[in-house]
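Q: model this:
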Amino acid sequence: MADTKKLFIKTYGCQMNVYDSERMAEALGGAGYVETGRPEDADMILLNTCHIREKAAEKVYSELGRYKGLKAANPDLRIGVAGCVAQAEGEEIMRRQPLVDLVVGPQAYHRLPEMEARARAGHKALDTDFPQEDKFEHLTSRPKAARGPTAFLTVQEGCDKFCAFCVVPYTRGAEVSRPVDRILTEARDLVERGVREITLLGQNVNAYHGAGPGGETSLAGLIWALNDIDGLDRIRFTTSHPNDMSDDLIAAHGDCDKLMPYLHLPVQSGSDRILKRMNRAHTRDSYLALIERLRAARPDILISGDFIVGFPEETDADFADTLDLIERVGYGQAFSFKYSPRPGTPAAERPQVAPDVADARLQELQALITRQQRARQDAMVGQTVGVLFEKPGRLPGQMVGKSDHLHAVHVDDCAARPGDLCRVRIVSSGPNSLAGVLA
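A: Here you go, the predicted model:
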């Protein structure tokens with residue numbers, strides 16, 4: 001079609017941003033856009049940003065600077081910034097980088113077609129409101145292409161916890177849960193398009209409390225509703241808060257076959273003093289007791305976590321408590337970061353740990369996590385696991401996918417195809433993946 005325009009989206013950060021980028025592309029599809037993988041070919045460039053990592057805004061400005069030449073060569077090129085940096089920086093982005101035509105926050109991307117039309121007419125467009133209407137309800141359903149075997153599905157947004165280090169309550173807003181029927185409709189649509197595994201997303205996903213046919217529904221209730229969808233074989237969810245790990249959700253890990261034996265449950269620190277300063281509202285003992293309950297319900301569950309080292313006022317004793325907690329839990333995977341201040345958060349105003357001390361602590365913690373991860377992977381050798389194959393590997397005839405426990409698995413000379421769910425016997429363990437043969 002002559003009026004088809006090309007859209008390039010660069011996505012930063014979390015899985016929710018990946019989902020948001022997909023929905024933004026669908027929204028702009030109604031304005032005649034199709035996606036391209038090359039910014040050089042684009043009629044519109046959209047950066048979907050994340051505010052969690054250090055110097056997130058500066059990285060966005062640096063990326064925008066790379067597009068000055070493209071804008072000079074094509075004055076009709078429209079450039080937009082979306083996501084959490086857009087929400088936090090708003091008018092400052094427009095002021096500091098004049099080549100930006102539109103800025104849209106994560107709660108307003110259903111308005112992108114109108115904003116794009118305004119930008120196309122030569123006007124700047126800015127929308128960082130927290131609208132009352134449900135953005136998902138306003139995204140027009142359009143014919144959609146076939147999908148790969150896995151997909152993300154946002155069910156909850158925002159957070160009411162106000163951890164002292166986190167900007168999410170300010171960029172994503174208060175906790176909001178989508179109604180059960182709309183989630184089920186989207187899930188069925190994904191399955192019809194080839195999806196066999198869905199990961200439910202939320203900034204605090206286990207605080208989900210969406211409207212259902214019998215009233216307010218918990219995340220466990222939603223999982224059991226999804227369990228009844230024919231063709232959906234695997235369910236996961238992320239990211240969770242320990243304080244919202246309810247009894248019915250723990251039970252679901254033991255009783256629901258489609259709920260995979262993997263749980264990302266961030267603790268952030270093993271020190272009660274630091275947890276209190278973080279405003280986490282749980283203790284190390286309550287977290288350890290929760291892990292015990294989860295393993296009682298599902299003995300083979302793989303636990304993943306998040307850790308912040310060098311949090312303001314963290315002492316050697318506090319850090320030792322964190323290492324001790326890691327030893328006690330035995331993580332199969334974890335993400336760890338050196339604390340970096342976020343403007344406007346309480347922790348940013350407190351005395352900071354010396355950078356060299358934080359660096360040394362991070363290296364020690366990551367070495368411990370790596371040993372635990374390798375031990376968990378090595379223990380899989382000789383076992384037979386379910387693997388959902390996603391794509392061909394690097395070698396001819398090789399296929400790669402994810403195990404029930406989210407380990408990357410590759411099989412050589414494999415007769416399976418993307419979307420096949422097969423039993424695989426693990427024969428060896430590498431640094432970041434497992435090798436197997438079809439059982």
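
Q: which parts of the stretch 251-400 of the chain are strands?
A: Applying DSSP state E, counting those that start in this stretch to the stretch 251-400 of the chain gives strands spanning 262-264, 302-309, 333-338, 384-392, 399-403.

Q: my read: residue 288 touches residue 327, true?
A: No: assessed by Cβ atoms under 8 Å, residue 288 is found out of contact with residue 327, at 11.2 Å. Backbone N, C-alpha and C define where each C-beta goes, glycine included.

Q: re the thing from before, between the strands of the stretch 251-400 of the chain, which one is closest to residue 9.
A: Among these, the nearest to residue 9 by Cβ to Cβ is strand 384-392 (20.3 Å).

Q: neighbouring strands for the closest one, and are they parallel or not?
A: In the sheet, strand 384-392 lines up against strand 399-403 (antiparallel), strand 421-429 (antiparallel) (DSSP bridges).

Q: among those, show me which one is buried the most.
A: The highest mean neighbour count among the strands paired with strand 384-392, using mean count of other Cβ atoms under 10 Å, belongs to strand 399-403: a mean of 24.

Q: quick one: contacts of that strand?
A: 150, 197, 380, 385-393, 408-411, 414, 416-418, 424, 433-434 (Cβ atoms under 8 Å, 6 or more residues apart in numbering).

Q: pLDDT wise, what is residue 84 at?
A: Per-residue pLDDT puts residue 84 at 82.

Q: which residues are in contact with it?
A: Residues near residue 84 by Cβ under 8 Å, 6+ apart: 13, 49-52, 56, 106, 167-168, 171-172.

Q: quick one, what contacts residue 67?
A: Residue 67 makes contact with 39, 45, 77, 79, 99 under the criterion Cβ under 8 Å, 6+ apart.

Q: most surrounded residue in the residues you listed?
A: Scoring the contacts of residue 67 on neighbours with other Cβ atoms under 10 Å, the highest-scoring entry is residue 45 at 26 neighbours.

Q: who does that residue form a beta bridge with?
A: Bridge pairing for residue 45 (DSSP bridges) gives the partners residue 8, residue 79.

Q: and for the one 4 residues further on?
A: In this structure, residue 49 has the following beta-bridge partners (DSSP bridges): residue 83.

Q: run a quick neighbour tally on it.
A: Close neighbours of residue 49, defined as other Cβ under 10 Å, add up to 27.

Q: thought it was touching residue 14?
A: No: under the criterion of Cβ under 8 Å, residue 49 is not in contact with residue 14, lying 11.0 Å apart.

Q: from residue 66, how far out is residue 216?
A: With the distance defined as Cβ to Cβ, to the nearest Å, residue 216 ends up 47 Å from residue 66.
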